[in-house]
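Colleague: Predicted model and sequence below, questions to follow.
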Amino acid sequence: MKILKFGGKSLSFTGAFDHVISIIKNRAQKESIAVVVSAFGDTTDVLEKILEQAAKQENFTLLFETFKKQPQHKGIDLTHEFDFLQKIFEGVHLLGDYSLKIKDSVLAQGELISGKIVTKKLQEQAINAVFTDSRSLIITDNTFGNAQPIASVSRQKTIAHFSSLDKGTTAVVTGFIGATLHNETTTLGRNGSNYSAALLANYLEAEELQNYTHVDGIFTANPDWVSDAQKIERLHFNEANELANFGASILHAKTIVPLIEKNIPLRILNTFKPEENGTLISSEPTLSGIKSLSVLADVALINFEGRGLLGKAGVDARIFTALSEKNISVSVISQGSSERGLGFIVEKGRATEAVLALEKEFETDFYTRDVNHISIDDEVAVISIIGQDLSTFHKPYNALIQNKIIPILFNNTVTGRNVSIVVKKEATKKALNVIHGQIFGVSKKINLAIFGHGSVGGTLIDQILQNTENIETKKQLKLVVFAIANSRNLLLNEKGIGQEWENELSDNGKPYELQDVIRFAKEHHLENLIAIDNTSSAVFIHNYFPLIENGFDLISSNKAANTNTFDFYRQLRKSLKKNQRRYLYETTVGAGLPLIDTTRLLHLSGENITRIKGVFSGTLSYLFNHFSTEDKSFSTVLKEAIEKGFTEPDPREDLSGNDVGRKLLILARELELENEWEEVQIENLIPQAFQSIETSDFLRNLDVLDAHYAAVKETLQPHEVLRYIGELSGDLQKSKGILETKLAVVSADSALGQLKGSDSLFEIYTESYGDHPITIQGAGAGAKVTARGVFGDVLRLSEKQ
Ligand SMILES: NC(=O)C1=CN([C@@H]2O[C@H](COP(=O)(O)OP(=O)(O)OC[C@H]3O[C@@H](n4cnc5c(N)ncnc54)[C@H](O)[C@@H]3O)[C@@H](O)[C@H]2O)C=CC1
Ligand SMILES: N[C@@H](CC=O)C(=O)O
């Protein structure tokens with residue numbers, strides 16, 4: 001025989017009542033089953049509410065009449081139950097009070113009513129169903145509200161009842177309720193119906209207990225909180241027991257024990273998807289490893305501080321005796337060895353009572369100041385990682401710290417392989433997602449906010465969106481672009497903005513402040529945050545500080561932050577260090593070329609860099625490579641460079657030499673030089689008259705540059721070409737270097753002279769390499785290569801997140 005149990009949600013009319021009847025019908029026609037039912041939907045709560053109204057001597061009639069008229073009650077003779085309830089409510093109304101015994105009698109009507117209805121509906125479908133009032137089977141002690149079954153009597157009564165049924169009969173048994181030896185109605189406490197079903201399975205030595213719920217089975221975490229949670233196919237009883245103890249709402253420890261005793265498998269199924277296998281819990285060994293995350297949300301942390309009690313014996317015993325006298329159960333406990341500090345978790349509703357009990361117990365110790373204080377923090381939750389041991393705990397732990405979630409305390413069990421972490425309640429969802437992403441090997445979600453969607457930013461967004469699947473398959477990284485903004489508008493989507501981002505932004509983008517992005521990330525508990533600055537704004541860089549303080553790592557193609565004052569540069573590093581955030585900006589020198597990384601590694605490894613020289617600007621490289629050898633005017637070649645996306649948003653940044661100057665300054669600071677922007681000697685290629693006019697006027701009048709550069713070209717010898725060069729020299733061991741940019745005439749067959757297209761060339765001279773510099777050469781500008789470089793930074797950060 002199999003026991004099928006249906007919970008209240010499955011039985012509500014707005015739920016899956018018809019599915020339940022058809023499941024039972026199909027199964028009853030094929031095999032031997034017994035059915036255990038809970039009360040319909042929220043019946044138990046409604047009955048309790050009416051009882052409360054009656055006890056407060058309020059008018060309970062309206063609610064009671066509404067209850068009686070519920071559609072599921074139609075067509076069934078429930079006169080007996082309704083009359084019984086009416087009498088009790090009237091009595092309670094008169095007395096203004098009720099006992100737990102009365103409450104059990106009232107609540108029991110919910111299961112009695114649903115049992116009758118299910119039986120009748122099955123009979124209408126020609127199923128030989130018999131209503132079975134479990135008060136004649138489950139005999140309990142008289143702990144009303146949480147009665148304990150008397151196994152020997154209950155077993156014997158249950159077996160006798162089922163033996164008396166004709167073959168092919170389907171018993172519909174009321175869950176949750178029992179009766180004392182004196183025939184007084186009792187209830188079995190929280191999760192009582194599941195317990196009844198487990199007891200029945202035990203007494204009848206059933207083949208399997210099948211629990212039909214509103215979920216597909218047990219998941220690696222609550223899918224309402226973790227969208228990547230996966231269904232677990234199989235669990236061992238021990239693992240299920242751990243899960244049950246730590247808050248998995250569809251399991252309860254006391255349900256599992258009767259099943260373990262008789263080795264009866266438990267299957268969690270979805271009423272709406274009866275054909276699926278759900279989760280099977282049995283004694284079969286399963287693959288070892290971490291199984292699931294569970295959350296205890298309705299809890300409070302009690303912090304007991306008693307420094308003066310150091311070394312005194314029996315303090316813990318006093319604490320737990322005081323609590324146990326009040327029947328307050330303690331879950332997570334953590335105690336320091338050096339001082340008498342003890343933190344532990346109790347049910348939230350009992351926290352004040354717990355503190356009062358402790359204050360009473362330690363009254364004299366307060367007086368002697370041996371106990372400093374006892375406090376409650378009820379804004380906490382406990383996350384338990386079932387199957388986790390300490391050998392790999394550093395992974396989720398580090399991920400939490402990375403995401404600025406600092407566990408308040410944690411503990412592990414010696415035998416049970418699980419670690420519990422107490423976190424601030426507001427961080428629960430984010431913490432769950434971070435841990436889940438880390439330990440289940442499913443993709444780690446990286447949440448990106450992209451500021452600036454011009455040439456580089458726009459190309460980057462497209463590159464990311466085109467490669468999301470590929471990256472997820474190869475790297476198990478799920479890149480989610482949750483924010484895209486320019487200087488005016490912001491588009492947000494916590495699930496990820498898609499390929500249509502441009503249209504969506506123009507349709508739904510809204511004016512914003514930076515705080516909107518930060519708040520959105522917090523409200524949606526987004527983890528592994530990266531902000532990407534693809535603007536050229538010297539104003540935007542001040543946003544780096546709030547971003548860092550709110551858990552964002554940073555990436556920029558914008559050179560403004562690293563070329564601001566040295567004080568700003570230092571403050572930024574300080575904030576990054578304090579908040580344990582990282583900042584990558586590989587594309588700020590040489591676009592996609594690995595300049596920063598190479599320079600940094602050489603310097604860090606102690607290699608003495610003596611000089612860095614080269615063509616730093618892709619734009620100017622393109623300009624002079626083509627202008628020197630082709631019969632084209634200077635402005636024609638410049639326009640080509642602009643069209644190809646090599647130039648800065650304002651091309652005068654390139655022509656003024658400023659862009660090269662910035663790159664020199666960025667590299668200098670990588671070498672720990674403290675140069676300021678004003679100390680960079682720059683040759684400006686723009687005639688004085690055009691240096692401070694509007695960009696649009698300048699762009700309209702580019703040909704004014706032609707005469708000057710035609711004259712310069714005239715002076716070149718046949719084997720000579722023009723190159724705009726940047727050089728970092730001087731004693732680079734000191735705090736300042738010499739930073740210089742200039743237009744130079746070089747031999748066409750020199751390394752610099754042979755440059756093609758928009759290639760940059762960087763020569764890094766070091767002590768060990770002598771006269772043979774490390775040379776890095778390649779496309780030094782262009783939206784595609786730059787975006788690709790930024791993408792590289794995203795992956796670098798993501799892998800370390
Ligand atoms: N084009 C290239 O080859 C390379 C460019 N870069 C850098 O990449 C950055 C972007 O360049 P492009 O895409 O060509 O510029 P762009 O002008 O095409 O795009 C800049 C974007 O930033 C936005 N923006 C400006 N101020 C903002 C603010 N305060 N807040 C939010 N958004 C703001 C603009 O609305 C625009 O969407 C620049 O800093 C540039 O120096 C770096 C290496 C190579
Ligand atoms: N305009 C810049 C782009 C890269 O920083 C250049 O030409 O190098």
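Modeller: That came through, no problem. Residues are numbered from 1 along each chain as shown. Ligands and ions are numbered 1, 2, ... in the order given.
Colleague: Can I get the lowest-mean-pLDDT helix or strand in the chain as PDB, trimmed to CA atoms?
Modeller: Of all helical and strand segments in the chain, the minimum by mean pLDDT, DSSP states H and E falls on helix 237-245, at a mean of 79. What follows is helix 237-245, C-alpha atoms only, in PDB (Å, rounded to 0.1, in the frame of the first residue of the first chain):
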ATOM      1  CA  PHE A 237      17.000  10.400   5.200                       C
ATOM      2  CA  ASN A 238      19.800  12.000   7.200                       C
ATOM      3  CA  GLU A 239      20.100  14.900   4.700                       C
ATOM      4  CA  ALA A 240      16.300  15.400   4.700                       C
ATOM      5  CA  ASN A 241      16.400  15.400   8.500                       C
ATOM      6  CA  GLU A 242      19.100  18.100   8.500                       C
ATOM      7  CA  LEU A 243      17.000  20.100   6.000                       C
ATOM      8  CA  ALA A 244      13.900  19.700   8.100                       C
ATOM      9  CA  ASN A 245      15.700  20.900  11.200                       C
END
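Colleague: How about residues contacting that helix?
Modeller: Residues outside helix 237-245 that contact it (C-beta atoms under 8 Å, 6 or more residues apart in numbering) are 218, 235, 251-253, 255-256, 259-260, 266, 281-283, 286, 291-292, 294, 384, 386-387, 416-418. Just so you know, the C-beta spots here come from the backbone N, C-alpha and C atoms, and that holds for glycine as well.
Colleague: Now do that helix: distance to the chain's middle.
Modeller: Distance of helix 237-245 from its chain centroid, counting by C-alpha atoms, centre = their mean, to the nearest Å, is 24 Å.
Colleague: quick revisit: now the buried members of the contacts of helix 237-245.
Modeller: 218, 235, 251-252, 255-256, 259-260, 266, 281-282, 286, 291-292, 294, 384, 386-387, 416-418 (16 or more other C-beta atoms under 10 Å).
Colleague: Which members of the residues you listed occur in strands, if any?
Modeller: 235, 266, 281, 282, 292, 294, 384, 386, 418 (DSSP state E).
Colleague: can I get those residues in JSON lines with pLDDT and distance to residue 360?
Modeller: Below are those laid out as JSON lines (pLDDT from 0 to 100; distance: C-beta to C-beta, whole Å):
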{"residue": "235", "pLDDT": "89", "distance to residue 360": "43"}
{"residue": "266", "pLDDT": "95", "distance to residue 360": "43"}
{"residue": "281", "pLDDT": "94", "distance to residue 360": "43"}
{"residue": "282", "pLDDT": "94", "distance to residue 360": "47"}
{"residue": "292", "pLDDT": "87", "distance to residue 360": "39"}
{"residue": "294", "pLDDT": "87", "distance to residue 360": "33"}
{"residue": "384", "pLDDT": "89", "distance to residue 360": "31"}
{"residue": "386", "pLDDT": "85", "distance to residue 360": "36"}
{"residue": "418", "pLDDT": "82", "distance to residue 360": "33"}
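Colleague: OK, contacts around the residue of the chain found nearest ligand 1?
Modeller: Nearest residue of the chain to ligand 1, counting by C-beta to the nearest ligand atom: residue 454, 1.9 Å away. Residue 454 makes contacts with 486, 534, 535, 649, as judged by C-beta under 8 Å, 6+ apart.
Colleague: from the residues you listed, which single one is nearest ligand 2?
Modeller: Each of the contacts of residue 454 was checked against ligand 2 using C-beta to the nearest ligand atom; the closest is residue 649, at 9.1 Å.
Colleague: ok, how many other residues are close to the closest one?
Modeller: Using other C-beta atoms under 10 Å, residue 649 has 13 other residues around it.
Colleague: you'd agree it is in a strand?
Modeller: No: Residue 649: not assigned to a strand; according to DSSP: H, G, I helix; E, B strand; the rest coil it is coil.
Colleague: Now it. Its backbone dihedrals?
Modeller: Main-chain torsions, residue 649, degrees, to the nearest 10: phi -50, psi -40.
Colleague: Let me know the pLDDT of it.
Modeller: Note on residue 649: pLDDT of 85.
Colleague: quick one: contacts for it?
Modeller: When contacts are counted by C-beta under 8 Å, 6+ apart, residue 649 is found next to 454, 536.
Colleague: Kindly report the same for residue 508.
Modeller: Contact analysis of residue 508 by C-beta under 8 Å, 6+ apart lists residue 491.
Colleague: What's the local residue count around residue 740?
Modeller: By other C-beta under 10 Å, 20 other residues sit near residue 740.
Colleague: tell me the contacts of the nearest residue to it once chain neighbours are set aside?
Modeller: Nearest residue to residue 740, sequence neighbours excluded (C-beta to C-beta, 6 or more residues apart in numbering): residue 681, at 4.6 Å. With contact taken as C-beta under 8 Å, 6+ apart, residue 681 is in contact with 738, 739, 740, 741.
Colleague: from those, which are also near ligand 2?
Modeller: Applying C-beta under 6 Å from any ligand atom, the subset of the contacts of residue 681 adjacent to ligand 2 is empty.
Colleague: so which of the residues you listed is the most crowded?
Modeller: residue 741 (27 neighbours).
Colleague: What does it show for phi and psi?
Modeller: phi -130, psi 140.
Colleague: Name the residues linked to it by a beta bridge.
Modeller: Beta-bridge pairing of residue 741 under DSSP bridges involves residue 726.
Colleague: right, and it touches residue 726 too?
Modeller: Yes: checked against C-beta atoms under 8 Å, the pair residue 741 and residue 726 is within contact range at 4.7 Å.
Colleague: which residue sits closest to the residue of the stretch 51-200 of the chain found nearest ligand 2, ignoring its sequence neighbours?
Modeller: Scanning the stretch 51-200 of the chain for the residue nearest ligand 2 gives residue 191, at 63.5 Å (criterion: C-beta to the nearest ligand atom). Closest residue to residue 191 apart from its sequence neighbours, by C-beta to C-beta, 6+ apart: residue 252 at 3.8 Å.
Colleague: residue contacts, that neighbour?
Modeller: Residue 252 makes contact with 190, 191, 194, 195, 244, according to C-beta under 8 Å, 6+ apart.
Colleague: Show the buried residues in these.
Modeller: Buried by 16+ other C-beta under 10 Å: 191, 194, 195, 244, out of the contacts of residue 252.
Colleague: mind giving me TSV with the residues you listed and columns for secondary structure?
Modeller: Shown next, in TSV, are those (three-state DSSP):
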residue	secondary structure
191	coil
194	helix
195	helix
244	helix
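Colleague: could those go into CSV alongside distance to residue 447?
Modeller: Converted to CSV, the buried ones among the contacts of residue 252 look like this (distance: C-beta to C-beta, whole Å):
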residue, distance to residue 447
191, 37
194, 38
195, 42
244, 33
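Colleague: Restricting to the buried ones among the contacts of helix 237-245, which residues neighbour ligand 2?
Modeller: Among the buried ones among the contacts of helix 237-245, no residue sits close to ligand 2 (C-beta under 6 Å from any ligand atom).
Colleague: related to what we said a few turns ago, check the gap between the residue of the chain closest to ligand 1 and residue 535 for me.
Modeller: 8 Å (C-beta to C-beta, to the nearest Å).
Colleague: hey, what's in contact with both of those two?
Modeller: Residues touching both residue 454 and residue 535 (C-beta under 8 Å, 6+ apart) are residue 486.
Colleague: Smallest gap between the stretch 651-800 of the chain and ligand 2, at which residue?
Modeller: Closest residue of the stretch 651-800 of the chain to ligand 2, C-beta to the nearest ligand atom: residue 781 (3.5 Å).
Colleague: which residues touch that residue?
Modeller: By C-beta under 8 Å, 6+ apart, residue 781 lies in contact with 591, 617, 618, 619, 621, 622, 645, 646, 647, 758, 760.
Colleague: What score does residue 699 have for pLDDT?
Modeller: Residue 699 is assigned a pLDDT of 88 by the prediction.
Colleague: Tell me if I'm right that it and residue 655 touch.
Modeller: No: using C-beta under 8 Å, residue 699 is not in contact with residue 655, being 11.4 Å away.
Colleague: The two: who's more crowded?
Modeller: Comparing residue 699 with residue 655 by other C-beta under 10 Å, the one with more neighbours is residue 655, at 28 against 14.
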